[in-house]
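**Q** Sequence and predicted structure are below.
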Amino acid sequence: MNPEDYEILKAVHFSIGTTIVFRQATTQSYFSHQGYIINACNATEFTEYFKYLLEDPTWNPSSKFIIVVRLLDEVELKNIFDELLKRHVVNVLVVNGTDNTQLYTYNPFDNYACGKYYNNVISYGLCSNTTRNLFPNKYVTGLRNCTLRTAAPHHPPYSINPELADDDRITLERWTVFIFFILKRIYQEK
């Protein structure tokens, strides 16, 4: 890590008033993550070391990600966003680490893509000229026209013993109907 990188961490720490844990990509962290600031030399280094974050016990793909890439070629953005899509990371901002700092993101839920693909990389332009929300709600289209896969693992408290089922309990045959009833109720409330 370069000395100017430490200055970035100090500035972020003092501006948002939260704890920042600095670590190497290959070491695990046992702290709960509210967000990630990832610093990489180039897109190849990012995609090579990003897999180590998945091994963290507290890995949270729903967190906000800021990825600073010092030598970023716009052609390599696709490799970065393909890796993020594969890992279900949506709230992300990619920053090129040059003097002409550009901001990029993507939206895999745009045009009813259901988080499976993205059509284009969104450029926010120069960092100094950006006044928009850098982490907007990307689930605007909701789950409309999406295939929803559910799983009911056989581990308590999500399992049902059919031998103990009676009129007051949910039987195994009604379990799937019950799950979809709850999902429908939640989706209609939003």
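**A** On my side now, so go ahead.

**Q** Mind splitting the chain into its structural domains?
**A** With domains defined by automatic domain parsing, the chain comprises 3-129, 148-190.

**Q** between those domains, which has the poorest average model confidence?
**A** Mean pLDDT is lowest for domain 148-190 among those, at a mean of 64.

**Q** So residue 77: helix, strand or coil?
**A** Put simply, residue 77 is helix when judged by DSSP: H, G, I helix; E, B strand; the rest coil.

**Q** Return the residues in contact with the closest residue to it other than its chain neighbours.
**A** Spatial nearest neighbour of residue 77, chain neighbours left out: residue 121 (5.0 Å); criterion: CB to CB, 6 or more residues apart in numbering. For glycine as for every other residue, the C-beta is placed from the backbone atoms N, C-alpha and C. Shown in contact with residue 121 (CB atoms under 8 Å, 6 or more residues apart in numbering): 74, 77-78, 81, 104-106.

**Q** On the strand side of things, show who residue 121 bridges to.
**A** Using DSSP bridges, the beta-bridge partners of residue 121 come out as residue 106.

**Q** Against residue 86, how distant is it?
**A** Taking CB to CB, to the nearest Å as the criterion, residue 121 is separated from residue 86 by 16 Å.

**Q** what's the answer for residue 100, then?
**A** For residue 100, the distance to residue 86 - CB to CB - is 29 Å.

**Q** Looking at those two, which has the bigger crowd around it?
**A** residue 86 (11 against 8; other CB atoms under 10 Å).

**Q** contacting residues around that one?
**A** Here residue 86 is in contact with no residue (CB under 8 Å, 6+ apart).
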